[in-house]
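1. what's the 3D shape of this:
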Amino acid sequence: MACSSFTQSFDKDPSVLTPAEKKHLITRNLQEVLGEDRLDELLKSRNISIYWGTATTGKPHVAYYVGVTKISDFLRAGCEVTVLLADLHGYLDNQKAPWELLAQRVKYYEFIIKSMLESIGVPLDKLKFVRGTDYQLSREYTLDVYRMTSVVTEHDAKKAGSEVVKQVKNALLSGLLYPGLQALDEEYLKVDAQFGGEDQRKIFTFAEKYLPHLGYKKRIHLMNPMVPGLTGSKMSASDPDSKIDLLDSAAAVKKKLKKAFCEPGNITDNGMLAFVKFVLFPIIGDRPFVVSREDKYGGTIEFFTYQELEESYAKEEIYPLDLKNAVGVELNKLLDPIRKKFASDPEIQKLRDLAYPDNEKSLSEDAKKSGAVDISCLDIRVGVIVSVEKHPDADTLYIEKVDLGEKEHRTVVSGLVNYLAIEELQNRKVILVCNLKPVKMRGVESQAMLLCAFNGNVVEPLDPHTDSVIGERVYVEGYDLQAPDGLLNPKKKVFEQLQPDLSTSHDCIATYKDTPLRTSTGEIKTKSLKGAQIK
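-> Residues are numbered from 1 along each chain as shown. Alright, predicted model coming up:
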């Protein structure tokens, strides 16, 4: 089926789009538009400005692509878009996070949202980020808050926040202020429209009612539908089974999709189909959505519209596993550049850990209680040796300076003099364990351990893929790429417990329990050693 002219205009310069084409991009897949007549009028003369606010509380997950996809539409339609990182709102919503965490989460949200937009090829020149407390603590804004409280009834404030603010038996005053602040944001951000989910509707109608009481104009309100999560309910950061984290490994994505609620023939309460409709089809443009199957199961099918896919699923021509596998392929295409960018940037990794210290645990609570360890305890990264010299006080030791993408190079002492020449190590990409406690070796502190394969008198350093990024974290499928443990306690002998399960395969691939060690660009190997121990 041929694509529509609107789909073909998706990548046009916004200056050549007609008002009708711009409106199509702005409103497609929306649940509702309040003030559509005002939208039509403004588009006749100029591009509009829109803001989307997100409280910087829970960690962003793949459901954010629903909103990000619409931001993509707005930007491609020539709109000026402001993303409000609503730290004050997050604090007021039943104090979901203290100020010190919110400060870190604002930075993390900006990184994640920009990365999501970059992953779908969206230009960011008309996008800006604003932190709520940068203007919400000003004298003018504060006075307007007081003005708002003088005209808003308790009933209206409570009703407006009922779908958004956490509801408790004895409502906090902060929850009653929340809708008024969100309404004032429209004025202080100087926008024509506000974008949000259908759950924001009561706040939007509250804003339309009360802003004119303060002498401010009504804004246009654009509402996305509420997309069901993987369990069939709203996708939530507080429900691990309902969401896929943006940094989940490909194996974790596959595992969660396998558990997803996806009833055969059910097209009304199906989070998988909803994700395809509101995220994947708008992103892939004129490229087909491909469901790959073996010939004995019907063969590969291509869908050029969501309607075609929905009809096929309703008739049970496409089965749940077919759909899950196809979604997994497309979803990992979106997440791969985000995972790669995160894995190659130690500063962002540190920021994530500061923003979500309680959520970033490399082991499950049960595993920690039992004392069990696995490969996720180790901080294994790609580095490049920038210099090598012999240890002045030890004939068998080299001193290497290694670039791990950090501010300063690390010093590594390795007992490789009898096995490898300096020329074999100089400027070589290598694999290192980076969270072992530093130890002095003949007076020189070694700050990491270079991993090699050993087979008798033959030693070969592990070789990452040539395109691996310096500082990138190494992972093993089946073990979540979460924050590794801090410096390992030598008394617990964590590496010593894991080392017997590290070896090379008959294909020279480095493995942990027979599963390859990988970076985002491929498997880690040795030059020739098979069935060798890694240490």
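2. From here on, just use CA atoms for contacts and neighbour counts.
-> Fine.
3. Now do the buried residues in stretch 336-348.
-> In terms of neighbour count (16 or more other C-alpha atoms under 10 Å), stretch 336-348 has its buried residues at Asp336, Pro337, Ile338, Arg339, Lys340, Lys341, Phe342, Ala343, Ser344, Asp345, Pro346, Ile348.
4. Contact partners for the closest residue to the first one other than its chain neighbours?
-> Spelled out, it's Asp336. Once flanking residues are discounted, Asp336 sits nearest to Ser520: 7.3 Å by C-alpha to C-alpha, 6 or more residues apart in numbering. Neighbouring residues of Ser520 by C-alpha atoms under 8 Å, 6 or more residues apart in numbering: Asp336, Arg339, Lys340, Ser468.
5. Can you lay out these as a markdown table showing pLDDT?
-> Output for those, formatted as a markdown table (pLDDT from 0 to 100):
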| residue | pLDDT |
| --- | --- |
| Asp336 | 88 |
| Arg339 | 87 |
| Lys340 | 85 |
| Ser468 | 85 |
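6. With secondary structure and distance to Leu488 added, can I get those residues in TSV?
-> What follows is the contacts of Ser520, written out as TSV (DSSP: H, G, I helix; E, B strand; the rest coil; distance: C-alpha to C-alpha, whole Å):
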residue	secondary structure	distance to Leu488
Asp336	helix	29
Arg339	helix	25
Lys340	helix	25
Ser468	coil	25
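7. for stretch 267-278, how far is the first residue from the last?
-> End-to-end span of stretch 267-278 (C-alpha to C-alpha, to the nearest Å): 14 Å.
8. Cross the buried residues of stretch 336-348 against strands and list the overlap.
-> Applying DSSP state E to those, no entry is found in strands.
9. Leu34: which of those is nearest?
-> Of all these, Ile338 has the smallest distance to Leu34: 34.3 Å, by C-alpha to C-alpha.
10. Skipping adjacent residues, who's closest to the residue positioned nearest the centre of the chain in space?
-> Centroid-nearest residue in the chain, with C-alpha atoms, centre = their mean: Leu246, separated by 2.9 Å. Nearest residue to Leu246, sequence neighbours excluded (C-alpha to C-alpha, 6+ apart): His61, at 5.2 Å.
11. The one you found bridge partners, please.
-> Judged by DSSP bridges, the bridge partners of His61 are Asp245.
12. Assess the claim that it and Lys243 are in contact.
-> Yes. With contacts counted by C-alpha atoms under 8 Å, His61 reaches Lys243, the gap being 6.4 Å.
13. of these two, who's got more company?
-> More crowded of His61 and Lys243, by other C-alpha atoms under 10 Å: Lys243, with 23 against 18.
14. and that one, how far is that from Leu102?
-> 22 Å.
15. now swap in Val253 and tell me
-> Taken as C-alpha to C-alpha, the span from Val253 to Leu102 is 27 Å.
16. what about this protein, any weak spots by pLDDT?
-> For the chain, applying pLDDT under 70 flags the ranges 1-11, 93-97, 164-171, 230-242, 358-372, 480-486.
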